[in-house]
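Provide a 3D model corresponding to the input given below.
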Amino acid sequence: MGGGTGNAACLVKKFIGKRINKNLLNSLEHKIGSDFKLFFFDQGYLSSLKTINTFNKKYDLHFLLIYPNIRMSTRYVYSKIIKFSPRSKCNFNKMKSKKQFIKHIGNKNNDLQSIVENKYSRIKKLIVEISQKKGCYFSRMSGSGSVCFGVFKSQKTAKAALSRMRLKYPKFWFLVTKTI
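The predicted structure follows:
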């Protein structure tokens, strides 16, 4: 989801344009964050801190984002990591359907999530609650936290989940969005 790194990339695009010199991009990535380059691709994901995988096929995915007003220190979270999961060798561009794609990414996990859940049980509870909403394929925490999200079948089911979650957690920040 990018957080501050995504914001920085948007500013760079505004002032420099979408086409950016590779040396400048590498320099900014080093100073801003390992996911900085990701924001210069249409759809993709980081399979490691240095590898960006992009998709030939674009899927319409709908997200419910929830920020539970917990500030997480990225430095703290990364300092607690003992071992990262092995990299996936899956080629997403060979997947023939959205269903297959959703199943694969839904079975992955965020190695940083358990660290945050251990410190804040509210995060774990929120992720479980999101996953139980009608139309939710899966839910988890974004990056080093603490934004939680669910991937939904449609904008309608994401908005319905938002309405129910907003009633229960009126002080949290919410947003329904989709892939672009």
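
what does stretch 20-32 contact?
Residues from elsewhere that reach stretch 20-32 (Cβ atoms under 8 Å, 6 or more residues apart in numbering): 5, 8-9, 12-13, 16, 36-37, 40. Every C-beta, even on glycine, is put in place using the N, C-alpha and C of the backbone.

Got the domain ranges for this protein?
Listed domain ranges for the chain are 1-40, 55-178 (source: automatic domain parsing).

Let me have these in a markdown table, extended by mean neighbour count and mean pLDDT.
Formatted as a markdown table, these follow (neighbours: other Cβ atoms under 10 Å; pLDDT from 0 to 100):
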| stretch | mean neighbour count | mean pLDDT |
| --- | --- | --- |
| domain 1-40 | 14 | 73 |
| domain 55-178 | 16 | 89 |
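
Can you give me every residue that contacts residue 159?
Applying Cβ under 8 Å, 6+ apart, the residues contacting residue 159 are residue 176.

let's see 10 Å
By Cβ atoms under 10 Å, 6 or more residues apart in numbering, the contact list for residue 159 reads 62, 64, 135, 152, 176.

Tell me the secondary structure at the second one.
Using DSSP: H, G, I helix; E, B strand; the rest coil, the secondary structure recorded for residue 64 is strand.

how far away is it from residue 128?
Distance, residue 64 to residue 128, using Cβ to Cβ, to the nearest Å: 14 Å.

Max pairwise distance over the contacts of residue 159: which two?
The most widely separated members of these, counting by Cβ to Cβ, are 135 and 176 (11.7 Å).

Quick check: neighbours shared by the two?
Overlap of the contact sets of residue 135 and residue 176 (by Cβ under 10 Å, 6+ apart) consists of 62, 64, 150, 152, 155-161.

any chance of these in JSON lines, plus secondary structure and distance to residue 20?
Formatted as JSON lines, the shared contacts of residue 135 and residue 176 follow (DSSP: H, G, I helix; E, B strand; the rest coil; distance: Cβ to Cβ, whole Å):
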{"residue": "62", "secondary structure": "strand", "distance to residue 20": "30"}
{"residue": "64", "secondary structure": "strand", "distance to residue 20": "32"}
{"residue": "150", "secondary structure": "strand", "distance to residue 20": "32"}
{"residue": "152", "secondary structure": "strand", "distance to residue 20": "33"}
{"residue": "155", "secondary structure": "helix", "distance to residue 20": "32"}
{"residue": "156", "secondary structure": "helix", "distance to residue 20": "37"}
{"residue": "157", "secondary structure": "helix", "distance to residue 20": "37"}
{"residue": "158", "secondary structure": "helix", "distance to residue 20": "32"}
{"residue": "159", "secondary structure": "helix", "distance to residue 20": "35"}
{"residue": "160", "secondary structure": "helix", "distance to residue 20": "39"}
{"residue": "161", "secondary structure": "helix", "distance to residue 20": "37"}
